[in-house]
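Asker: using only what follows, build the 3D model:
(one chain, ligands or ions: 1)
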Amino acid sequence: MLDKQIIPTKEEIRKFIGEKSIENCENSPTSPNKHACFTTIFSKHYQKYIDRIKKNDNYLLMKRICIVLFTFLLFSCNNQRENQAHSFQRMENYNGNFDLSIKDRLLDTPSVIIDFLNQLDNVNNYSSYELNNQEKQIFMDYFELLPSNYISIIAEKVYGIYFVNNFLGGGMTLPIFDNDGNMFMVLFFNPGIMRQNISEWITFRDNSAFTINDSKIFINIEINSQYFALIHTLVHEASHIYDYYNYVTPYTEPFLRSDKTIFPTEFVKDIWINYDEPIQEYNFILRENIYSYDLGERTSKNYAIDIYQALKKTSFSSIYGSKNWAEDFAEGFTWWYLYEYFNINYITNVFEDKNLLILYDPNENELVKARYKIFEAILE
Ligand SMILES: [Zn+2]
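Answerer: Next comes the predicted model:
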């Protein structure tokens, strides 16, 4: 649990950082991923803070504070910006409407939002993709496959649904705020999830975390389904939305941590120490540095054996789900739901040359299965 007496509050951090640093953060978008700007400014301006913590010989605590500071920075920078970033979180800059049916909330992405997404991921090839009528119908057919309480919460809270060409990732759920500070959601999807089946997409996702040609290691994903990848992405993103409002995890994004936060919830108990730090036994090699979809540097495939070997001994359904407790829930619920209701398996085989060294099936993992009762309760 985060120690509120030692971890600085947002106000304290704001004082410590000063507005100047936040401005600097806005002006230094030179790194290959969205986090680097904040990380750079962090290391530049917070050494004193880190030194102070180091003096206390409490490295773990420092790490926690870094996470809090980092998250605060991310949120503050967004709030401080007068330009696209600010617009990005404001409901009025989206073209959604709660009077529309879900099908009619499949909208063109506003150009200001495309600009921001490009900036956020440091790319320039994002553009709005308009689904044709047939694709809209497929989307709706898949939408109907969601748990009924997920359908209800999306109808109530999701303001607009957007498809973005070349999007790095399968999907993204983003909180937005109206003028009274009420939180709603928008959804972004990669059109690729409606062109590739789930097996092709997850093969791409899980392999994208690793370098391509530096090893004899081969990672093969077996998923026994011809459904489009949309089914996985939809359940995954809908799980985040459910979590934002129902607190399966203490908070879905660190900036939502508040005095009312309850830690631990049943889902994170004895598994997560804080948002992105699992218990030591689950905190396997390179876990924090593994990024899919080229949203960070790739990991050498030579580590894949150690990583998957360690994953088998955790409660996590996938490497993707080991990043933080929000992804843990989204992945855990999704693979359970797909298995339970659609008989979809998710098996990872790690080969060296032609020798199968590791087989990971989360639905055969007792530690994963121990959490099924939490997922079942969500559907009750
Ligand atoms: Zn996610």
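Asker: pLDDT score for Lys63?
Answerer: According to the per-residue confidence, Lys63 scores 33 in pLDDT.
Asker: and the residue of this protein that's closest to the ion?
Answerer: Of the chain, the residue with the smallest distance to the ion, taken as Cβ to the ion, is Ala330 at 4.5 Å. All C-beta atoms are positioned from the backbone trio N, CA, C, and that covers glycine.
Asker: and the helix or strand hosting that residue, what does it pack against?
Answerer: Take DSSP states H and E as the rule and Ala330 turns out to sit in helix 325-342. On a contact count with 3 or more Cβ pairs under 8 Å, 6 or more residues apart in numbering; DSSP states H and E, helix 325-342 meets helix 230-246, helix 372-379.
Asker: so which bits of it are buried?
Answerer: Within helix 325-342, the residues that qualify as buried are 325-339, counting by 16 or more other Cβ atoms under 10 Å.
Asker: circling back: residues contacting the residue of the chain closest to the ion?
Answerer: Listed by Cβ atoms under 8 Å, 6 or more residues apart in numbering, the contact partners of Ala330 are 236-237, 239-240, 243, 321.
Asker: repeat that for Tyr126.
Answerer: When contacts are counted by Cβ under 8 Å, 6+ apart, Tyr126 touches 114, 117-118, 164-167.
Asker: would you mind listing what in the stretch 201-350 of the chain touches the ion?
Answerer: Applying Cβ under 5 Å from the ion, we find that the stretch 201-350 of the chain lies next to the ion at 327, 330.
Asker: let's see 6 Å
Answerer: Within the stretch 201-350 of the chain, the positions adjacent to the ion are 236, 240, 327, 330 by Cβ under 6 Å from the ion.
Asker: would you agree the first one is in contact with Gly169?
Answerer: No: counting by Cβ atoms under 8 Å, His236 sits too far from Gly169 to count as a contact (10.4 Å).
Asker: so for those two, which residue has more residues nearby?
Answerer: His236 (23 against 19; other Cβ atoms under 10 Å).
Asker: so where's the protein shaky on pLDDT?
Answerer: Under the criterion pLDDT under 70, the flagged ranges of the chain are 1-86.
Asker: tell me the domain ranges of it?
Answerer: What the record gives for the chain is the domain set 10-80, 86-195, 217-379, from automatic domain parsing.
Asker: what sits against Glu130?
Answerer: Residues in contact with Glu130 (Cβ under 8 Å, 6+ apart) are 108, 163.
Asker: quick one, phi/psi of it?
Answerer: Listed backbone geometry of Glu130 is phi -100, psi 120, with angles given as degrees, to the nearest 10.
Asker: and for the one 10 residues further on?
Answerer: Main-chain dihedrals, Met140, degrees, to the nearest 10: phi -70, psi -40.
Asker: OK, contacts around it?
Answerer: Counting by Cβ under 8 Å, 6+ apart, Met140 has contacts 102-103.
Asker: just Gln226 next, same as before
Answerer: Counting by Cβ under 8 Å, 6+ apart, Gln226 makes contact with Asn197.
Asker: host element of it?
Answerer: Short version, using DSSP H and E: Gln226 is in no helix or strand.
Asker: buried deepest among the domains of the chain, which one?
Answerer: Stretch with highest mean neighbour count among these: domain 217-379 (a mean of 18; mean count of other Cβ atoms under 10 Å).
Asker: and the helices in this structure, which stretches?
Answerer: Listed in chain order, the helices of the chain (DSSP state H) span residues 10-26, 36-45, 47-55, 59-80, 84-88, 111-120, 133-143, 148-157, 198-207, 230-246, 304-311, 325-342, 366-369, 372-379.
Asker: about what we covered before: how about the residue of the chain closest to the ion: what's its closest non-neighbour residue?
Answerer: Here the nearest residue to Ala330 in space, its sequence neighbours aside, is Ser239; by Cβ to Cβ, 6 or more residues apart in numbering that works out to 4.2 Å.
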